[in-house]
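>>> got a sequence here, can you model it:
(chains A and B)
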Amino acid sequence: MHLPYRIAACAGFIVIVGFSCVVLWRVLTGEVSLKGLLNSKAPGDRRSLSPARLQLLIISTVIAVGYLHAVIVSPRWNALPRPPGGVIAVLGGSQAVYLAAKALSFFIQPLLKNLRQGDLR
Amino acid sequence: MNASQPLPAQPTRTTDWYTLVSLAAILIAVVTFSIMDPKDSLSHLKVIFGYALLFLMFSFGLKILIDMIRGQIDLSQLISDQGTASISRFQFLIFTFVIAFSFFLVAVSTDSLPPVPGEVLTLLGISATTFAVSKGIEVSHRKVPPGAGDNHGTSAEDE
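Just a heads-up that it's a prediction; the model follows:
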């Protein structure tokens, strides 16, 4: 490896790993708060565990770790490995479920609640 | 010296930092220029320009990193939204770090910038789109006047 590449690699390593470590440290010490990460945030709702958020967290973490593993064990390091189409579909589906649940709790549920209250009157 | 006279302005730490970086960049450029073959001036220029860019980017990154460590850049709201943690921000952060780290590993091992497959861009695109749409849902709900769609209203505490 030539000297400029070596210097660039060291510089990039320091910056990228440094950013990651600082963010991870702040998360571990609680300065970056994870409070309410998995709770429903719809207006008027009690703070309860949201299954849509939980599945999004699990699937995102599994896919991210799997991709990092694929990069590290890749036999040829001349390009980024291609994630299979199924993995992208699963991720897209998971995110769509999360967004649908969020839209439902923000827009549809209050509307239905209003209608029900109107019927009772 | 008269005690009533104002003291000369002290150089700030930022000035020291930029001076140090500039001096180091000039030093590297001079050393590189002196050890290269004097016949090929274009490649001299390329190497010096490359070193200067590398040093500039590294010093920016390092400055940000040091400020983050010292606490001068506030990270407390990095994955928070309206006071509580946001899952869409969190997954976006994870994917950004994973793809950046992977790209760095491959670039270092090949000595060049590797091609980025469309599937990886799709992965990042899905992640970023979710973040943007999630934000859009929250903002559009906040704009609805109380009583128009529901009878709760939306307060900062609810969000």
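>>> what about residue B:120, distance to chain A?
5 Å (CB to the nearest CB, to the nearest Å). Every residue, glycine included, has its C-beta placed from N, CA and C.
>>> quick check: phi and psi on that residue?
When read as degrees, to the nearest 10, the backbone of residue B:120 gives phi -70, psi -40.
>>> ranges for the helices of chain A?
Counting by DSSP state H, chain A has helices at residues A:3-29, A:51-72, A:85-103, A:109-120.
>>> what stretches of chain A score poorly on pLDDT?
Chain A contains residues with pLDDT under 70 at A:1, A:42-46, A:75, A:120-121.
>>> how about TSV for the helices of chain A, with distance to chain B added?
Compiled in TSV, those are given as follows (distance: least, CB to the nearest CB, whole Å):
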stretch	distance to chain B
helix A:3-29	4
helix A:51-72	4
helix A:85-103	4
helix A:109-120	3
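>>> would you mind putting the ones you listed into CSV with mean neighbour count alongside?
Formatted as CSV, the helices of chain A follow (neighbours: other CB atoms under 10 Å in any protein chain shown):
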stretch, mean neighbour count
helix A:3-29, 15
helix A:51-72, 17
helix A:85-103, 17
helix A:109-120, 12
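>>> can you tell which of these is closest to residue B:105?
helix A:51-72 (6.0 Å; CB to CB).
>>> got the CA coordinates for the closest one in PDB?
In PDB, the C-alpha atoms belonging to helix A:51-72 read as follows (Å, rounded to 0.1, in the frame of the first residue of the first chain):
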ATOM      1  CA  PRO A  51     -45.100  -4.000  18.600                       C
ATOM      2  CA  ALA A  52     -44.500  -2.200  15.300                       C
ATOM      3  CA  ARG A  53     -41.500  -0.400  16.800                       C
ATOM      4  CA  LEU A  54     -40.200  -3.600  18.400                       C
ATOM      5  CA  GLN A  55     -40.300  -5.500  15.100                       C
ATOM      6  CA  LEU A  56     -38.600  -2.600  13.300                       C
ATOM      7  CA  LEU A  57     -35.800  -2.500  15.900                       C
ATOM      8  CA  ILE A  58     -35.300  -6.300  15.700                       C
ATOM      9  CA  ILE A  59     -35.300  -6.500  11.900                       C
ATOM     10  CA  SER A  60     -33.100  -3.400  11.400                       C
ATOM     11  CA  THR A  61     -30.600  -4.700  13.900                       C
ATOM     12  CA  VAL A  62     -30.500  -8.200  12.400                       C
ATOM     13  CA  ILE A  63     -30.100  -6.900   8.900                       C
ATOM     14  CA  ALA A  64     -27.400  -4.300   9.800                       C
ATOM     15  CA  VAL A  65     -25.400  -6.900  11.800                       C
ATOM     16  CA  GLY A  66     -25.800  -9.500   9.000                       C
ATOM     17  CA  TYR A  67     -24.600  -7.000   6.400                       C
ATOM     18  CA  LEU A  68     -21.600  -6.100   8.500                       C
ATOM     19  CA  HIS A  69     -20.800  -9.700   9.000                       C
ATOM     20  CA  ALA A  70     -21.100 -10.300   5.200                       C
ATOM     21  CA  VAL A  71     -18.600  -7.500   4.500                       C
ATOM     22  CA  ILE A  72     -16.100  -8.800   7.000                       C
END
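>>> for that helix, which helices and strands make contact with it?
Counting contacts by 3 or more CB pairs under 8 Å, 6 or more residues apart in numbering or on different chains; DSSP states H and E, helix A:51-72 packs against helix A:85-103, helix B:87-110, helix B:118-143.
>>> just name the most buried of those helices.
Across these, averaging neighbours per residue (mean count of other CB atoms under 10 Å in any protein chain shown) puts helix B:87-110 on top, at a mean of 20.
>>> okay, angle between that helix and helix A:51-72 too, please.
Using axes from the mean of the first three to the mean of the last three CA atoms, to 10 degrees, the direction of helix B:87-110 lies 0 degrees away from that of helix A:51-72.
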